[in-house]
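Student: Please find the sequence and the predicted model below.
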Amino acid sequence: MMNSGYSYWNSTIRAFMKNKVSLFFMALMAVFIVFIIIQPYLPNQKSPNVIYVDDTTGLQLINMPPGREFWFGTNSIGQDMWARIWSGTRTSLFIGIIVALWENAIGLIIGVIWGYVRRLENIITSIYNVINNLPRVIILILLAYTMKPGVLTMIFTMCITGWLDTARIVRNIVVIIRDREYNIASRILGTPAYRIIYRNILPYLVSVLVLKATLSIPAAIGYEVFLTYIGLGLPLSIPSLGNLINEGRGYITVPSLRYQLMIPAMVLSIITVSFYAIGNAFADASDPRNHF
Amino acid sequence: MIRYISSRLIQSVITLFAVLTIVFMLMRLMPVEGYLGESYDKLDEIQREKIIENLGLKDPIHVQLKKFYKRVASGDLGVSIAYRPGVPVAEILKSKIPYSLGFGIASLSISIISGITLGIFMADSEGKILKRVGNIYIILINSIPAAIYYILIQFYITDIFKLPMLFYIDRPISWILPVLSLSLGTTATYALWMKRYMVDELNKDYVKLAMAKGLKRREVMKKHVFLNAFVPMIQYLPSSILFTISGSIYIESLYSIPGMGGLLVEAVQRQDNPLVEAIVLIYSSIGIIGMLAGDVLMAILDPRIKLGKREGRI
Amino acid sequence: MKKLLIFFIGVAVVLAGWNASRHNWYDREENELRMVYSGEVTTLNYLTAATANEISLAVNFVDSLVEYDRFGEIKPCLATEWNTSEDGTIWTFKIRKGVKWVTHEGKVYGKLVAQDFVDGLKYVLTSENNSRTANIVYSVIKNAKEYYNKEITDFNEIGIKALDEYTLQYTLNKPVPYFLSILNYLCFFPVKGQFLEEVGDRFGTDNRYILYNGPYVMINYEPHHRRVLEKNEYYWDKDNVYIQRITMTYNKEANVLAPEMFLRGEIDHVGIGTDIIHEWMNNPVKRNLIRPNRTNFFSYFFLFNFNPQFSEEYEPVNWLVAVNNRNFRKSIFHAMDRKSAMLTEEPYEPEKRLLNTITPRNFISAGKIDYTQLEPLSKFTNRDSFDEKLALTYKNKAIEELKGKVSFPVKILMPYNAASRQWANRVQVIEQQLERVLGKDYIDIIIEPNPPTGFLERVRDSGKYALMELNWGADFADPETYTHPFRRDSTSSWIHMARGYEGENGYTIYENLVQRAADEVMDINKRYQLFAEAEAFLIEEAFVIPYSVGGGGYAASRINPFEISYSPFGAVSGRFKGLKLLKTPMSMDEYNLLYKQWERERSERLKGAEK
C-alpha cells in the first residue's frame, strides 16, 4: 500500500494548488503577516499608545479624521488609529495562533488517547462531560479576578477550555477508524499501536485538524470580541481587534466617526475570510477521499 | 434500549452532581465585595459583616453545601440575592424563558428550513450560482463579528422599512427583525453541514450505481441521498431546540428583549449565587437530556445504529 | 425554495409598507414622557436600596418629610411644620393630613399617619432586612445602633415616636445641624406596617409589593424591558405634577441606540455621551437639539497613598519616602493638567466640570457666601492648580531634599478599573501629561488595569495604589460629609499615616481641624468656616489633588432641568414632579438663558434668607 506511488502530502498540495481563490487568500495572508510584523519598523510610524497633542494649544488631537498626518485618524483621546489597528492586529493574531496551536495539539493528544485507549475511555468521558457542562463564563470571571488583565491571561482563559471540541471530534473519528478491518488486521499482525495511529489514523485526522486550526484563529478573535463585550477583554492600553471594535461600536450611529469602527472591522473581516477560505480549501484537498 | 437509557441517565445525574458542586465551590471563591454590590462604598464595617452573615456566607463551606443539596433535592431553586433580591429564582426564570424560547424556536425553524434547502442546492453541482452565493454567505456570516452585523441590521433595516427599533410585545411587526437576525448564523451552520453530508452521500457507490442504472437524478436525490444525509443532522437537533432557552446576549440586548441572554453572565458578575446555580442546573440538564434525545432519535431513524455499544458518538 | 423566498419577501414588503405610514412606534399618550434607560433597578424596596438607579425611581413613588425646591431650599412635603428643641437633639414634625397610600392599581389603601414613619425606621433597623442605608439612621438616631446590633430589643427605646396620629418626634444622639437634609434619604421614608405584614418577604420585589403616596404610581413593571409610571390621582400635591405618563424602556445598548431613537421621534429624552458629542456638536441639525446637563455633587479627586501595600516591583518603600516629602507631592499637584484629563470626558467646555476643592461649589453656603468661596478655600477655588513653572520649582526642591534617599525616577502606581473606558482613557492621558511636564527621569507612572470584580476592595481598600482617582458623594447637606473619605476610619485612605503632621491628643493636625469644626453645632457659619479651614489644609499640603464634579455632558431632551428639585443628593432630583414636557428640545441658548435666570433667582433667594 505504501509503495503504490501515492503520497498523501503531494496529493494534498496538488489538490490545494488547483484552487485559485484560496491560493489568493493564502498569498494575501502571507503578505499581511509580513506587513504587520515589519510595520513598526517602517518610516514615519507612530506609537499606538502615545496621545498626540497640538503643539500650539497643548491639547489632545481628538477624533481627527483620516488624513495625511494620521492615516487612519485618531481616536477619542488622540491616539493614532493606524498604529493602534496594526498593533491590535498583531495582538489578536498572536492570541489566535497560539490558542489555535494549543487547542489542536492538546485536543489531538487527548482525543487520540480517549478514542484509542479503552481503559481510559470512561474516565475521560466523565471528565469531559463535567468540564463541558461547566459554564465558561464562571471560569472566565474567576480567572479575570485572580489574574491581571493582559495578553497572557487572555490566552490562558481561552486555552483552558478551548481544547474540548477538538478532543471530541478527534475521538469520534478515531473510534470509527480504529475498528476498520485493516486496522484490526494490523493489530493482529503485531503492528505497534503508535505505528497504527501514525500511519493509518493520523492522515484521516489531518483534514479535520487543519480545518479546525484555520477556523480556530478567526474563532479566537471572535471570542475575544465577545469577551470584550461582556467586560472581560484586554485593557485599552493593549490595543486588540476586540477592544478596538468594541470601542468603535459606539460610533455606528455617527457618520463622522464611523471610520473608528469600520477600519478595524474590515481588517478583522479580511483576516477571518482569508482563514476560512484557506481552511475550507485545505480541508477538501487533504481529505483522502478526494484524491482519486 | 430502556436499559441503555436508564444507565445513561444515572451517569447524567452523577455528572450533574459534580458540575453543581464545582460551580458552588467556584462561586465561593468570589470576592466578598461583590456581595455588597454597588453600595459597597457607603456601608460601614458592621453592615458589611451583617449582610454577609445574613446571606449565610459565613457558615463553613460544608454546612453551606449541605444546605444547598437539601434545597435543590427538595426542588427549591432558592431566592435571588443580587439580581433581584428577594424574588424567587423560579419566578425570574419563568418570566424570562418564554421570550428566549419563543424567539429561539421561531428563528431555529427558519434556519432549519432555509439552511437545509440552501445546503441541498449547494451540494447539487447543477446550481453553480447558488453554490457561489451560498459559500460567500457562509463565509461572511462566519467572519464578520455578530456584534457588528446585528447592530447594522437593526440600524438600517428599521430605518428603511420604518420599523420600530426595539421589541414591543404588543407589536408583532417588531418581532421580525430579531428572529431574522438570530437565524442568520444558524442558517449558515445548517447549510454548511447539510452540504457536507450531501456531498459525502453523493460520492457513495450506491448513488453512482443508481445513476448508472438510469434512475432519475431527482428521484435518487429525494429518496436516498437527502434522507441519509439528513439523519446525522438530527443528532444535534434536540440540543439546539432545548438550548434556545439560553437566548442570545447580543440580540436581546439590542432589542430590549427580557430573555435569558446574558443572564448567566450578569448573575455571575453580580455574584447572585442561587441564580447562578439554578441556571447551571438547567443548562446542564438540558445539555445532557438533549444529547440523549439526539442519540435515541438517531437510533430510531437509522436502524444501523445500535445504542449501547459504547463507541457511539457522545 | 424560490417560491418560498418570494413569499417571504412579499410578506415583508407588505408589512413594511403598511407600517411605513406610521411614525410613532409607541402610541403616544397626551403628555407622555418616553425614555430609554440602561441600568435596571434590582429592587423597589426603598428602605434597603442605596444606589442611584433605585433611589431616583423610588422617590417618584414615596414622598419624604421635607423636600428641596428648585433652588435647593428645604420646604414642607409630608411634614407641614417642624421645630427643634433648644439643644438641637429633639425634632418634632406635624404630618400632613389627608395623604393617601394607594396600590399599584391606583386604589386607596389607607391614610398616611405618623406611625408609618416609625414602621419604616423599624424595618431599616432590623438587621435581617439587609438595609444598605441603616448606617445613616444609626449615625444620628438615639439608640438606633444598639437596636441594629441587637443590644436593645425594645423598639420603644429608639429615638423615634409617633406622639399622636399626626405628630412625629425624633430624638438624636447628638445635635445634628443637617438633620433635615438627612430626611431625604430613603431610610427615613414611611411605610405602612400593615402592608409590610401582608406582603412579608416580597416587600419591594415588584410594583405590586409597594404602596405609593408620591407623584407617580408604577402601573407596569417588566424588569429589563419596560416600566410605566402613571400620575397618582390621589397625590396630595397633584396640581404640581404635569406629566401624565412616563414610559421607560430598558435597553442595554442605550448609549448607541437611544440617540437615534430620539432623532426618529421614538423618545423624548436622551443623554448624548462623550462618544458621539463630536458629531452632534458639528452637525447643523443635531446641534440645535442638544443642551448641556447639569453637574452633580459627586466629587472626584486624586489621593496619595501613605500606606503603600503594592508589590515590590513598584517599589513601595521608595514611594513611601517620596510621598512623605511635601515638595514631591506639590510638584505633582501643580504638574497635573486636569483640563487635558477632562477632555476625555468633556471635550467641549471641560472647565465646567473641573473642581478645585473637595466640596463642590453651590453645595452649601454660609450666609450668602458659597462654601467654596470662604476665606482659606477661595484661593484654590479661584485658581487652576496646573502651573508648570511652579511644578518644576517644587520638583527641583524635592530632588534636592530626596537626593540619596530615593531612587529616581520614582515609580508611581496608578491602578484603574479596566471596565471603565473613561477611566482607562483618563489615566493614559494623565500618565503621559505628567511625565511630559516633570520628566521621565523624575517620575515613572505605571498605569495598571484591574478587573472589575471586587475592584475597590482588592485594589483601593488594600492600599495597592500610589496615586489613585477616588470619588465621594454627599450623604447630607453639610461639609462634614466630604471629610469622610479622609478620616482615619475610612477604608480607602491613610492620610493619618503621613509623617510630620502629628497634632494634639494623638491625632493628626487634619483630624484636629475636622474635630474642631464638627464640634461646632450651634453657629452654622462658624462651623462652615472651620470645615473650610480643614479642607484648605488638605489641599495646601497636597495630600489630595481635587479634580472634578460628576454629571455634566449633554442631552437631547424635551425636559427643562431647572424645573425639578435641586439638591445635593442627585437622587432626589430624579423626581419628575414639577416637570413639564417642552414642545421642542431645549437648545443650548435656551439652556444658558435659563441657567442665568436660575442663578439670579437663587442668589436673590439667598439674600432674602439672610435678612
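Tutor: Perfect, I can see it now. Everything numeric in this text was worked out from a predicted model, so none of it was measured.
Student: can you give me the helices for the stretch 101-250 of chain A?
Tutor: For the stretch 101-250 of chain A, the helices defined by DSSP state H, counting those that start in this stretch cover A:118-133, A:136-146, A:151-178, A:181-188, A:193-196, A:202-229, A:241-248.
Student: In TSV, list the ones you listed along with mean pLDDT.
Tutor: TSV is the format used below for those (pLDDT from 0 to 100):
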stretch	mean pLDDT
helix A:118-133	86
helix A:136-146	81
helix A:151-178	85
helix A:181-188	77
helix A:193-196	76
helix A:202-229	80
helix A:241-248	88
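Student: which of those helices sits most buried?
Tutor: Mean neighbour count (mean count of other C-beta atoms under 10 Å in any protein chain shown) peaks for helix A:241-248 among these, with a mean of 26. The way it works is simple: take the backbone N, C-alpha and C, and place the C-beta from them, glycine included.
Student: Just give the number of residues close to C:Arg196.
Tutor: Arg isn't right for residue C:196; it's Leu. 18 (other C-beta atoms under 10 Å in any protein chain shown).
Student: So it versus B:Gly78, what's the distance?
Tutor: For C:Leu196, the distance to B:Gly78 equals 23 Å [C-beta to C-beta, to the nearest Å].
Student: Next: C:Trp82.
Tutor: 45 Å.
Student: just checking, C:Tyr595 touches C:Asn560?
Tutor: No. Counting by C-beta atoms under 8 Å, C:Tyr595 stays clear of C:Asn560, with 10.8 Å between them.
Student: For the stretch 51-200 of chain A, what lies in contact range of chain B?
Tutor: With C-beta under 8 Å from any C-beta of the partner chain as the criterion, the stretch 51-200 of chain A meets chain B at residues A:121, A:125-126, A:128-130, A:132-135, A:137-139, A:141-142, A:145, A:168, A:171-172, A:175, A:179.
Student: near chain C, from those?
Tutor: A:141, A:145.
Student: what sits against the closest residue to chain B within the stretch 301-450 of chain C?
Tutor: Among the residues of the stretch 301-450 of chain C, C:Ala419 lies nearest to chain B; the distance is 9.6 Å by C-beta to the nearest C-beta. Shown in contact with C:Ala419 (C-beta atoms under 8 Å, 6 or more residues apart in numbering or on different chains): A:231, C:451-452, C:455.
Student: Distance of it relative to A:Tyr229?
Tutor: 12 Å.
Student: now do C:Asn207
Tutor: 31 Å.
Student: and if you look at A:Gln39?
Tutor: In terms of C-beta to C-beta, A:Gln39 sits 27 Å off from A:Tyr229.
Student: Repeat that for A:Trp102.
Tutor: On the measure of C-beta to C-beta, A:Trp102 and A:Tyr229 end up 23 Å apart.
Student: do the same with B:Asp170
Tutor: From B:Asp170 to A:Tyr229 the distance is 30 Å (C-beta to C-beta).
Student: residues in contact with residue 193?
Tutor: You didn't say which chain, so I picked chain A. By C-beta under 8 Å, 6+ apart, the residues touching A:Ala193 are A:Tyr116.
Student: hmm, I had chain B in mind actually
Tutor: Applying C-beta under 8 Å, 6+ apart to B:Trp193 gives the contacts B:119, B:232-233.
Student: Can I take it that it is in a strand?
Tutor: No. Using DSSP: H, G, I helix; E, B strand; the rest coil, the assignment for B:Trp193 is helix, not a strand.
Student: Distance check, it against chain A.
Tutor: 13 Å (C-beta to the nearest C-beta, to the nearest Å).
Student: Read off the pLDDT value for that residue.
Tutor: According to the prediction, B:Trp193 has pLDDT 84.
Student: repeat for B:Phe167
Tutor: 92.
Student: residue boundaries of the strands in the stretch 201-350 of chain C?
Tutor: C:216-222, C:226-231, C:245-250, C:269-272, C:290-292, C:295-304 (DSSP state E, counting those that start in this stretch).
Student: what would the helices of the stretch 101-250 of chain A look like in TSV with distance to C:Gly574?
Tutor: Output for these, formatted as TSV (distance: least, C-beta to C-beta, whole Å):
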stretch	distance to C:Gly574
helix A:118-133	43
helix A:136-146	31
helix A:151-178	39
helix A:181-188	73
helix A:193-196	71
helix A:202-229	29
helix A:241-248	30
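Student: and of those, who's closest to B:Leu93?
Tutor: Of all those, it is helix A:136-146 that lies closest to B:Leu93, at 17.0 Å by C-beta to C-beta.
Student: Between helix A:151-178 and that closest one, find me the angle.
Tutor: Per axes from the mean of the first three to the mean of the last three C-alpha atoms, to 10 degrees, the angle that helix A:136-146 makes with helix A:151-178 is 150 degrees.
Student: Next, the residues that contact helix A:136-146 from outside, please.
Tutor: A:153, A:156-157, A:160-161, A:227, A:230, A:232, B:23, B:26-27, B:29-31, B:264-265, B:268-269, B:276, B:280, C:451, C:453-454.
Student: can you check stretch B:98-116 too?
Tutor: B:175, B:178-180, B:182-183, B:186-191, B:194, B:230, B:233, B:237, B:240-241, B:243-248, B:251-252, B:257-261, C:4.
Student: returning to that earlier point: how about the helices of the stretch 101-250 of chain A, which one is nearest C:Met586?
Tutor: helix A:241-248 (30.0 Å).
Student: Which helix or strand lies directly C-terminal to that closest one?
Tutor: helix A:259-286 (DSSP states H and E).
Student: Select, out of the helices of the stretch 101-250 of chain A, the one closest to C:Ser127.
Tutor: So among these, helix A:136-146 is nearest, using C-beta to C-beta, at 28.5 Å.
Student: quick check, distance from that closest one to the centre of its chain.
Tutor: In this view, helix A:136-146 has its centroid 21 Å away from the chain centroid, taken as C-alpha atoms, centre = their mean, to the nearest Å.
Student: What of stretch C:435-455?
Tutor: 27 Å.
Student: Quickly check: it near chain B or not.
Tutor: Yes. Stretch C:435-455 lies within reach of chain B by C-beta under 8 Å from any C-beta, at C:452-455.
Student: where in the stretch 1-150 of chain B is pLDDT low?
Tutor: Scanning the stretch 1-150 of chain B for pLDDT under 70 picks out B:125-127.
Student: Could you rerun that using 80?
Tutor: B:1, B:38-39, B:41, B:124-128, B:130, B:143 (pLDDT under 80).
Student: Excluding chain neighbours, give the residue nearest to the residue in the stretch 101-250 of chain A positioned nearest to chain C in space.
Tutor: In the stretch 101-250 of chain A, the residue that lies nearest chain C is A:Pro235 (3.3 Å; C-beta to the nearest C-beta). Nearest residue to A:Pro235 in three dimensions, chain neighbours excluded: C:Pro449, at 3.3 Å (C-beta to C-beta, 6 or more residues apart in numbering or on different chains).
Student: All good on my end, thank you.
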